[in-house]
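Visitor: 3D, please:
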Amino acid sequence: MTRHHPDSLSLMEYSAGNLSEPHALCIKLHLDKCSHCRSRVDTLDSLGAVMMEQQPKVTVSESMFDRSEEHTSELQ
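Guide: Numbers count the residues shown, from 1 in each chain. As a prediction, the model looks like this:
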């Protein structure tokens, strides 16, 4: 049985995809073994999905989309 669990903030950041790769890996390995924390992350994932669905739709101009693609390709 797991004795140590990630704190709530770490689980929220994991759910949002905001953790560094090494930290996310540590959380993932913990979740593989801990159904309690896995359930908490599932709840956070569902909450995030509901929040995203409730966001107003935003129209992006073609030029802004093109600039975003250019910037993204420069980062790779």
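
Visitor: pLDDT below threshold where in the protein?
Guide: Applying pLDDT under 70 to the chain picks out residues 1, 76.

Visitor: Tell me where it has strands.
Guide: In the chain, no strands are found when defined by DSSP state E.

Visitor: Span of stretch 6-21 from start to end?
Guide: One end of stretch 6-21 to the other measures 15 Å (CA to CA, to the nearest Å).

Visitor: Contacts for that stretch next, please.
Guide: Contact with stretch 6-21 is made by H23, A24, C26, I27, K28, H30, C37, R40, V41, L44, D45, G48, as judged by CB atoms under 8 Å, 6 or more residues apart in numbering. Quick note: C-beta positions are derived from backbone N, CA and C, even for glycine.

Visitor: what comes up buried for it?
Guide: P6, S10, L11, M12, E13, Y14, S15, L19 (16 or more other CB atoms under 10 Å).

Visitor: which one of those is nearest K57?
Guide: S15 (23.3 Å; CB to CB).

Visitor: Please state the offset of stretch 56-65 from the chain centre?
Guide: Relative to its chain's centre, stretch 56-65 lies at 23 Å (CA atoms, centre = their mean, to the nearest Å).
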